[in-house]
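Novice: Using only what follows, build the 3D model:
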Amino acid sequence: MSPRRFGKTTKTAVMREGCLRYAIYLLVALFIIAIFPDRSAAQTQQPAVTEEVSNSANSTTTDSPANQSSPEQSTATITGTVEDQSGAVNVGAKIRLTRDGQTAAQETVSGTNGEFSFSQLAAGPFHLEISSPGFVTQDFAGTLQPGQFFIVPLMNLTVSGGATEVRVGGSTVEVAEQQIKIEETQRVLGFIPNFYVNYDVDPAPLNARQKFELAWKSTTDPVTFAGAAFLAGLEQASDDFSGYGQGMQGYGKRLGATYADVFSGTFIGSAVLPSLLKQDPRYFYHGTGSTGSRVAYALANSVICKGDNGRWQPNYSTILGSFASAGLSYLYYPGSDRTTGLFIQNSLLKIGESSLAGIVQEFVVRRLMPRRNR
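Specialist: Numbering: from 1, shown residues only. Down below sits the predicted model:
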């Protein structure tokens, strides 16, 4: 393979999967960084929390959720489930939420599935009062952190004589399901999927079904198809993978190969291996500490991940997934582009792309998200 051909193929490999997820808004990110120089985490995040608490204390509070909203970067959620002693859901239990410095309270009732929630809440202390006809009212107090998804721990709500109880709380699977629903609404600039990032301060681990659900949601998103089509067009214009030829047939082969790279890379590295190895495929936004510590955290994302047990460990899913996806591409790329050296180099480039993605997530993407953890 000539040096010129090798260079073109390598460049395409770098662009394919990484650019599909990040190239569109990376250009916008560079523009924003040029206009608004990055500040330390203490400068960018803490004032937002202070302002939120101040606004919450000084504004007139009503039961309307609109008046309970706070800046996107620090809103929190409280959720729970009400059950009776037999495990059947309790419908219509009244839950009253009060906050320090607020004269009015928010109220809700448990739904047909026994669940209740309060969303878009400011950080700070809170008090819950849970009652149901014929039962003794129970109280619960806690403190919300910015952006926290707070699951109410189990409590007993008993009738006179202690013959019956109601449990309030939720399983880890239920909490993870709620977090996934939030993540699946996250879009950069309002349209680019950003499903594999968790901003919660206390994230719940995903089970295998949820990992595959997230992979399917990501790979079948219309923007994913559009990105693959765009990159295939670039390859066609520069005649990368010339073995495919030109014309509509050549473009179709390039489009199929580009999308196959994304599909296999996502499912192998973010669903199959994480399920087998019990690792979490998501990026957990750090957002605190010095700029240097956040850069180190983001760069390490490609080789270190959080396990389902909550402990940090070597990121075997990303490392092995990168090599597996690159090896699978041998089945559909032209023979002239299949070399052992290129296979190894492209696999390492995929791992490096994960570190670059961490930098973009840690310092840029949050600014471009109109919706986050609502």
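
Novice: Please make it C-alpha for all contacts and neighbour counts, starting now.
Specialist: Noted.

Novice: which residues are in contact with the helix or strand where Arg209 lies?
Specialist: Assigned by DSSP states H and E, Arg209 falls within helix 208-219. With contact meaning CA atoms under 8 Å, 6 or more residues apart in numbering, helix 208-219 is reached by 177, 180, 184, 193, 195-196, 224-225, 262-263, 266-267, 270-272, 274-275, 281.

Novice: which among those residues end up buried?
Specialist: 177, 180, 184, 193, 195-196, 224-225, 262-263, 266-267, 270-272, 274-275, 281 (16 or more other CA atoms under 10 Å).

Novice: Could you list which of the contacts of helix 208-219 belong to strands?
Specialist: Those of the contacts of helix 208-219 mapping onto strands are Pro193, per DSSP state E.

Novice: Now Thr143, what are its backbone angles?
Specialist: According to degrees, to the nearest 10, the main-chain angles of Thr143 amount to phi -130, psi 130.

Novice: can you give me the strands in the stretch 101-250 of the chain?
Specialist: All strands of the stretch 101-250 of the chain, identified by DSSP state E, counting those that start in this stretch, fall at 106-109, 115-121, 124-131, 138-144, 149-151, 166-169, 187-188, 192-193, 197-198.

Novice: among these, which is nearest Leu255?
Specialist: Closest to Leu255 of the strands of the stretch 101-250 of the chain is strand 192-193 (CA to CA; 19.3 Å).

Novice: What's the mean pLDDT across that closest one?
Specialist: Average pLDDT, strand 192-193: 92.

Novice: Within the sheet, what are the partner strands of that strand, with directions?
Specialist: Sheet pairing here is set by DSSP bridges, and for strand 192-193 it gives strand 187-188 (antiparallel).

Novice: Check the offset of the partner strand from the chain's centre.
Specialist: Here strand 187-188 is found 11 Å from its chain centre; the criterion is CA atoms, centre = their mean, to the nearest Å.

Novice: Return, as residue ranges, the portions of the stretch 1-150 of the chain with sub-threshold pLDDT.
Specialist: By pLDDT under 70, the low-scoring segments of the stretch 1-150 of the chain are 1-73, 84-89.

Novice: State the distance from the residue nearest the centre of the chain to Glu183.
Specialist: Nearest to the mean C-alpha position of the chain, by CA atoms, centre = their mean, lies Val197 at 2.6 Å. Val197 is 7 Å from Glu183, where distance means CA to CA, to the nearest Å.

Novice: Kindly report the same for Gln148.
Specialist: 14 Å.

Novice: and if you look at Thr77?
Specialist: On the measure of CA to CA, Thr77 and Glu183 end up 14 Å apart.

Novice: domain ranges for the protein?
Specialist: Residue ranges for the domains of the chain, per automatic domain parsing: 3-40+176-368, 62-171.

Novice: mind listing the helices for the stretch 251-374 of the chain?
Specialist: Secondary structure of the stretch 251-374 of the chain, counting by DSSP state H, counting those that start in this stretch: helices at 273-277, 291-299, 316-328, 340-363.

Novice: Sort out which residues of the last one are buried, please.
Specialist: It refers to helix 340-363. 342-343, 345-363.

Novice: Around Gly134, count how many other residues there are.
Specialist: As a burial measure, Gly134 scores 11 neighbours (other CA atoms under 10 Å).

Novice: can you tell me which residues contact the nearest residue to Gly265 once chain neighbours are set aside?
Specialist: Spatial nearest neighbour of Gly265, chain neighbours left out: Ser325 (5.2 Å); criterion: CA to CA, 6 or more residues apart in numbering. Contacts were defined as CA under 8 Å, 6+ apart; by that measure Ser325 touches 261, 264-265, 268.

Novice: Going by neighbour count, which of the residues you listed comes out on top?
Specialist: Counting neighbours by other CA under 10 Å, the top entry in these is Gly265, with 25 neighbours.

Novice: gap between that residue and Ser329?
Specialist: Distance, Gly265 to Ser329, using CA to CA: 10 Å.

Novice: Show me what Ser131 is bridged to.
Specialist: Lys94.

Novice: try the one 10 residues further on
Specialist: With DSSP bridges as the criterion, Ala141 is bridged to His127.

Novice: mind showing which ranges of the stretch 151-300 of the chain have poor pLDDT?
Specialist: For the stretch 151-300 of the chain, residues meeting the criterion pLDDT under 70 lie at 154-171.

Novice: circling back to that earlier point, out of the strands of the stretch 101-250 of the chain, which is closest to Gly335?
Specialist: Judging the strands of the stretch 101-250 of the chain by CA to CA, what sits closest to Gly335 is strand 192-193, at 33.3 Å.

Novice: So what touches the closest one?
Specialist: With contacts defined as CA under 8 Å, 6+ apart, strand 192-193 is touched by 21, 184, 186-187, 218, 221, 223.

Novice: Please repeat the previous calculation with a cut-off of 7 Å.
Specialist: Under the criterion CA atoms under 7 Å, 6 or more residues apart in numbering, residues 186-187, 223 lie in contact with strand 192-193.

Novice: what about burial for those, which qualify?
Specialist: Buried among the contacts of strand 192-193 (16+ other CA under 10 Å): 186-187, 223.

Novice: where's Arg209 relative to Trp216, distance?
Specialist: The gap separating Arg209 from Trp216 is 11 Å, by CA to CA.

Novice: which one of these two has more residues nearby?
Specialist: Remark: of Arg209 and Trp216, Trp216 carries more neighbours, 15 against 11, as counted by other CA under 10 Å.

Novice: gap between the more buried one and Pro334?
Specialist: Note on Trp216: its distance to Pro334, by CA to CA, is 27 Å.

Novice: circling back: excluding covalently adjacent residues, which one is nearest to the residue nearest to the centre of the chain?
Specialist: In space, Val197 is closest to Tyr283, 4.7 Å off (CA to CA, 6+ apart).
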